[in-house]
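>>> Can you look at this prediction? I've put the sequence above it.
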Amino acid sequence: MARAEIAARTLRTDRWWLPPLTTFVGLLLISIYAAFRTFQGDYYWVDQYHYLTPMYSPCLTEECVPAASHFGQWFPALPGFLTPPLLIIPFLLGFRITCYYYRKAYYRAAWASPPACAVAEPHSKYTGETRFPLIAQNLHRYFFYAASLLLLVNIYDAVSAFSTGVGLGNIVLLVNVGLLGAYTLSCHSCRHIAGGRLKHFSKHPVRYWMWTQISKLNNRHMQLAWASLIFVCLTDLYVALVASGTISDLRFIN
């Protein structure tokens, strides 16, 4: 039976355009802030309290503040306007861009493919993720491995900062790694690695337990994606404000 011919783009009468518009504006604002801070190249380290913003961690080039280079300075100073975060951003951005939730988010918000359920898209044909550049979405698992390593670095940064005492910045850094950890673990690739290829859960009780716990996080993958992304920016902003002397860190234990 042939589909009915409908001249209208959609028969929906609700504000279906609001979610993709909100997503587009949110991602645009975060992208602008992240780009500004990446190329600012300053106010990423608070020497007094050992706060290092996650946007500059690990700091691996010779222009990094020596105390902020927890794992050494592997590379020479970058030329021109290039800054240390450019060495790690491809892995973090790759993990987010290839994420199953973010694919849906920017496919709808930026490409209108489709903009919403039961709304026609403007594209004349659909090739899925079988051609360049979208075929690179299949690299998601490998970006997951890289993001997991960077998460461990962020955890080290947050824990090592307690060597100077306890302040509000310590709490901010801990919450940040908590959200990043929850988002990373809720990843579909992580869930698949834990138990996706098992044929008999009864023979692998530990992996089955891990799979069930990760599945619970996976149900909140969208919320964790946004919460972790926004809080990374807030964490960076807090460190930048303290590092620049704009605000003082609230100290609980010195």
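Happy to help now that I have it.
>>> Going along the chain, name the helices of the stretch 1-150 of the chain.
Using DSSP state H, counting those that start in this stretch, the helices of the stretch 1-150 of the chain run over 18-40, 89-97, 100-109, 140-160.
>>> pLDDT below threshold where in the chain?
Within the chain, the segments meeting pLDDT under 70 span 1-6.
>>> Now do the contacts for the nearest residue to residue 69 once chain neighbours are set aside.
Leaving aside its chain neighbours, residue 69 sits nearest to residue 59 (5.1 Å; criterion: C-beta to C-beta, 6 or more residues apart in numbering). For glycine as for every other residue, the C-beta is placed from the backbone atoms N, C-alpha and C. Shown in contact with residue 59 (C-beta atoms under 8 Å, 6 or more residues apart in numbering): 44-45, 52, 65, 68-70, 73, 84.
>>> hmm, back to that, which among the helices of the stretch 1-150 of the chain is found nearest to residue 247?
helix 18-40 (16.5 Å; C-beta to C-beta).
>>> Export only the CA atoms of the closest one, formatted as CSV.
The C-alpha coordinates for helix 18-40 follow below in CSV (Å, rounded to 0.1, in the frame of the first residue of the first chain):
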residue,chain,number,x,y,z
LEU,A,18,11.8,24.2,20.1
PRO,A,19,13.9,21.2,21.2
PRO,A,20,16.3,21.3,18.1
LEU,A,21,16.6,25.1,18.4
THR,A,22,17.4,24.9,22.1
THR,A,23,20.0,22.2,21.4
PHE,A,24,21.5,24.2,18.6
VAL,A,25,21.8,27.4,20.7
GLY,A,26,23.2,25.4,23.7
LEU,A,27,25.9,23.6,21.6
LEU,A,28,26.8,26.9,19.9
LEU,A,29,27.3,28.8,23.1
ILE,A,30,29.4,26.0,24.6
SER,A,31,31.5,25.8,21.4
ILE,A,32,32.1,29.6,21.5
TYR,A,33,33.2,29.5,25.1
ALA,A,34,35.4,26.4,24.6
ALA,A,35,37.1,28.0,21.6
PHE,A,36,37.8,31.2,23.5
ARG,A,37,39.3,29.5,26.4
THR,A,38,41.3,27.1,24.2
PHE,A,39,43.0,30.0,22.4
GLN,A,40,43.3,32.3,25.4
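>>> Taking helix 89-97 as reference, get the angle to it.
Here helix 18-40 runs at an angle of 170 degrees relative to helix 89-97 (axes from the mean of the first three to the mean of the last three C-alpha atoms, to 10 degrees).
>>> And residue 209, how far from residue 193?
From residue 209 over to residue 193 the distance is 14 Å, taken as C-beta to C-beta, to the nearest Å.
>>> again with residue 164
Going from residue 164 to residue 193 by C-beta to C-beta gives 37 Å.
>>> cool, residue 65 as well?
In terms of C-beta to C-beta, residue 65 sits 36 Å off from residue 193.
>>> same thing with residue 245?
In terms of C-beta to C-beta, residue 245 sits 44 Å off from residue 193.
>>> Now do the same contact list for residue 86.
Listed by C-beta under 8 Å, 6+ apart, the contact partners of residue 86 are 38, 78.
>>> Could you check what's spatially nearest to residue 147, not counting adjacent residues?
Nearest to residue 147 is residue 95, by C-beta to C-beta, 6+ apart, at 4.0 Å.
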